[in-house]
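Engineer: quick one: sequence and predicted model below, then my questions.
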Amino acid sequence: MTERFELMKKTLSQMLEERKYATLRDILETMYPADIAAVFADLPAQRLPVIFRLLPKELAAETFAEMESDLQELLIQGFSDNELKEVLQELYVDDAAALAEEMPANVVRRILQQADPEMRRSINQILRYPENSAGSMMTTEYVSLKPDMTVGESILRIRRQGIDKETIYTCYVTRDRTLLGLVTVKDLLLAEDDDVSVSEIMSTNPIFVTTHTDQEEVGRMFTKYNLLALPVVDREQRMVGIVTFDDAMDVIEEETTEDMELMGGMLPSEKTYLKSSTWELFRHRIPWLMLLMLSATFTGLIITSFEEALAAQVALTAFIPMLMGTGGNSGSQSSVTVIRALSLNELRFSDLPRVLWKEMRTSVLCGVVLAIFCFGKIWLVDRLLLGNDQVTLMVDAVVCLALLVTVIAAKLVGAALPMAAKAAKLDPAVMASPFITTVVDALSLLVYFLFAKLLLKV
């Protein structure tokens with residue numbers, strides 16, 4: 001599929017060079033908007049307005065909605081007022097609002113000037129809601145029915161209004177804008193009689209969110225309940241809009257990317273990797289690197305405070321990387337598992353005792369197996385094969401006991417810190433691998449040297 005797409009891009013670029021605009025238009029009309037947007041992303045900036053104007057009006061608007069914000073801004077600056085008005089007329093309200101949210105102030109003013117009064121009012125309404133809330137990602141274009149309408153009247157209403165709506169499969173039953181229930185087109189088409197009222201076939205107690213519900217929670221609800229659209233209401237349960245499946249998928253992708261970046265020790269970025277400049281990558285990475293570098297100072301202080309022990313038993317030094325690495329990996333395993341459970345709403349802070357008890361049992365099993373394996377490895381490889389006489393039976397025991405305790409401590413820390421972050425209303429992903437590894441490194445060294453002092457008397 002990738003090779004085919006690359007060939008398509010090469011063919012379109014060649015046609016553009018040869019100015020075969022009629023053939024180019026015919027090919028573009030057979031492509032999906034997302035694929036056309038991907039092709040546009042690789043075109044020279046000066047060629048973009050030319051090829052964009054080849055698209056039919058509806059396809060142009062759908063392609064425009066799929067493009068990156070920097071390319072959208074470039075096109076808007078090259079549009080005449082009439083061209084901009086035509087594109088805006090074909091956009092759904094949520095896409096127009098997302099466009100206005102990402103553009104500079106001067107571009108936003110031009111967008112609002114060319115939008116019709118109804119769309120301008122809807123855009124302003126959406127922009128008033130907090131960022132990353134259900135209200136900021138919803139569309140105000142949906143089909144509403146009255147409970148006393150008949151099936152025949154409802155189908156006629158869908159035919160008349162549906163052309164301007166983002167989705168018509170799920171219709172919402174309201175009275176004075178208050179959400180009462182929902183009915184699907186399937187329910188209407190399969191009704192026994194066209195004279196049956198909507199109130200008789202509608203589903204009551206619909207699942208909904210409020211305008212201030214966090215977008216991550218909205219995405220979870222789509223996954224949990226297998227929804228195609230989700231109604232958004234205000235505090236009085238009055239219907240104000242819907243969130244559609246495609247917007248929810250965008251949010252899930254955005255939140256997952258943000259968590260991955262935080263877990264990797266980076267500040268989240270709104271741009272793709274290739275769109276990010278070297279300076280932007282630097283700005284997103286350097287704060288965490290500096291923080292983790294400073295936090296590693298504690299590890300250095302611990303080693304410094306036990307210099308005498310290391311001087312007396314030089315063999316202990318060789319096992320520090322293995323001990324720290326195993327502890328960090330153990331903590332990361334627990335943290336990733338718990339962070340995933342928290343993101344899916346499977347865990348709450350009240351579950352902390354159960355989580356710690358489960359991790360305790362798991363860590364004991366892991367620690368015992370690793371300690372036994374480590375004991376045999378040190379004795380066979382370091383002592384017998386490498387002939388290191390300083391690796392005595394007691395040194396082997398110190399390393400293995402420290403490993404057992406480190407694995408237990410690391411898994412408990414890895415499980416507890418994300419849950420504590422969630423309770424403090426922080427993103428649990430902040431407590432992922434880099435931060436937990438630093439904490440566990442310090443703990444593993446403390447445990448290691450305390451066992452060394454106790455058993456080796458150094």
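Structural biologist: Happy to help now that I have it. Here the structure is a predicted model, which means the values were calculated and not measured.

Engineer: quick one, what contacts Val395?
Structural biologist: 313, 315-316, 378, 456 (C-beta atoms under 8 Å, 6 or more residues apart in numbering). (C-beta placed from N, C-alpha, C; glycine too.)

Engineer: which residues touch the closest residue in space to Thr23 that isn't next to it in sequence?
Structural biologist: Distances taken as C-beta to C-beta, 6 or more residues apart in numbering place Met15 nearest to Thr23, at 5.9 Å, with adjacent residues excluded. Residues near Met15 by C-beta under 8 Å, 6+ apart: 23-24, 27.

Engineer: circling back: how about the contacts of Val395, which pair is most distant?
Structural biologist: Ile378 and Leu456 (14.6 Å; C-beta to C-beta).

Engineer: those two: which has the busier surroundings?
Structural biologist: Ile378 (23 against 17; other C-beta atoms under 10 Å).

Engineer: I figured the more buried one was touching Val391, is that so?
Structural biologist: Yes. Counting by C-beta atoms under 8 Å, Ile378 does reach Val391; the two are 6.2 Å apart.

Engineer: which helix or strand contains Met293?
Structural biologist: Met293 is part of helix 278-295, with elements assigned from DSSP states H and E.

Engineer: in the following helix or strand past that helix, what counts as buried?
Structural biologist: Later in the chain than helix 278-295, the nearest helix or strand by DSSP H and E is helix 297-305. For helix 297-305, the neighbour count (16 or more other C-beta atoms under 10 Å) marks 299, 302-303 as buried.

Engineer: for the stretch 301-450 of the chain, give me the ranges with low pLDDT.
Structural biologist: For the stretch 301-450 of the chain, the stretches with pLDDT under 70 are 309-312, 430-434.

Engineer: now do the strands in it.
Structural biologist: Ranges of strands in the stretch 301-450 of the chain, per DSSP state E, counting those that start in this stretch: none exist.

Engineer: quick one: the helices in it?
Structural biologist: 307-312, 320-343, 352-377, 393-423, 433-456 (DSSP state H, counting those that start in this stretch).

Engineer: re earlier: which of the contacts of Met15 are buried? Put it as a PyMOL command.
Structural biologist: Taking 16+ other C-beta under 10 Å as the burial criterion, the selection of buried members of the contacts of Met15 in PyMOL is written as:
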select buried, resi 24
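
Engineer: what residue lies at the spatial centre of the chain?
Structural biologist: Note on the chain: the residue nearest the mean C-alpha position is Glu255, at 1.8 Å, using C-alpha atoms, centre = their mean.

Engineer: just the pLDDT for the nearest residue to it once chain neighbours are set aside.
Structural biologist: Spatial nearest neighbour of Glu255, chain neighbours left out: Glu216 (5.0 Å); criterion: C-beta to C-beta, 6+ apart. Per-residue confidence (pLDDT) for Glu216: 85.

Engineer: what about Glu216? Give its phi and psi, please.
Structural biologist: Note on Glu216: backbone dihedrals following degrees, to the nearest 10 are phi -70, psi -40.

Engineer: and what of Glu166?
Structural biologist: According to degrees, to the nearest 10, Glu166 has phi -70, psi -30.

Engineer: quick one: contacts for the closest residue to it other than its chain neighbours?
Structural biologist: Leaving aside its sequence neighbours, Glu166 sits nearest to Tyr92 (C-beta to C-beta, 6+ apart; 4.8 Å). Applying C-beta under 8 Å, 6+ apart to Tyr92 gives the contacts 65, 139, 141, 166.

Engineer: just Leu16 next, same as before
Structural biologist: 24, 43, 47, 50-51.

Engineer: now restrict those to buried residues only.
Structural biologist: 24, 43, 51.

Engineer: pretty sure the second one sits in a strand.
Structural biologist: I take that to be Leu43. No. Leu43 sits outside any strand when classified using DSSP: H, G, I helix; E, B strand; the rest coil, being coil.

Engineer: contacting residues around the nearest residue in space to it that is not next to it in sequence?
Structural biologist: Spatial nearest neighbour of Leu43, excluding adjacent residues (C-beta to C-beta, 6+ apart): Ile51 at 6.7 Å. By C-beta under 8 Å, 6+ apart, the contact set of Ile51 is 16, 24, 28, 40, 43.

Engineer: could these go into CSV alongside pLDDT and secondary structure?
Structural biologist: Output for these, formatted as CSV (pLDDT from 0 to 100; DSSP: H, G, I helix; E, B strand; the rest coil):
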residue, pLDDT, secondary structure
Leu16, 79, helix
Leu24, 84, helix
Leu28, 86, helix
Phe40, 84, helix
Leu43, 78, coil
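
Engineer: after the one helix or strand the residue nearest to Leu43 maps to comes which helix or strand?
Structural biologist: Using DSSP H and E, Ile51 falls within helix 48-52. The helix or strand immediately downstream of helix 48-52 is helix 57-66, counting by DSSP H and E.

Engineer: buried sites along stretch 169-181?
Structural biologist: Those would be 170-174, 179-181, for stretch 169-181 by 16+ other C-beta under 10 Å.

Engineer: where do the domain boundaries of this structure fall?
Structural biologist: For the chain, automatic domain parsing gives the domain ranges 2-128, 144-249, 278-456.

Engineer: now do the longest one: distance to the chain's middle.
Structural biologist: If I follow you right, that is domain 278-456. 28 Å (C-alpha atoms, centre = their mean, to the nearest Å).

Engineer: ok, the second one next?
Structural biologist: A distance of 27 Å separates the centroid of the chain from that of domain 144-249, by C-alpha atoms, centre = their mean.

Engineer: what is the end-to-end distance of it?
Structural biologist: Domain 144-249 stretches 24 Å from its first residue to its last (C-alpha to C-alpha, to the nearest Å).

Engineer: what about Leu71, how many residues close to it?
Structural biologist: 19.

Engineer: equivalent analysis for the one 3 residues further on, please.
Structural biologist: Look at Leu74: counted by other C-beta under 10 Å, it has 18 neighbours.

Engineer: before we move on, what about Val405?
Structural biologist: 21.

Engineer: quick check: it touching Leu450?
Structural biologist: No. Counting by C-beta under 8 Å, Leu450 is not a contact partner of Val405; they are 9.2 Å apart.

Engineer: what residues are shared contacts of those two?
Structural biologist: Shared contacts of Val405 and Leu450, defined by C-beta under 8 Å, 6+ apart, are absent.

Engineer: shaky segments in the stretch 1-150 of the chain?
Structural biologist: If you take pLDDT under 70 as the line, the stretch 1-150 of the chain has these spans: 1-2, 5.

Engineer: kindly recompute the last result at 80.
Structural biologist: In the predicted model of the stretch 1-150 of the chain, residues 1-13, 16, 18-19, 42-47 satisfy pLDDT under 80.

Engineer: and the strands in it?
Structural biologist: 144-145.

Engineer: distance check, the residue with the largest distance to the centre of the chain against Tyr448.
Structural biologist: Centroid-distance maximum for the chain: Asp389 at 52.8 Å, with C-alpha atoms, centre = their mean. Separation of Asp389 from Tyr448 (C-beta to C-beta, to the nearest Å): 21 Å.
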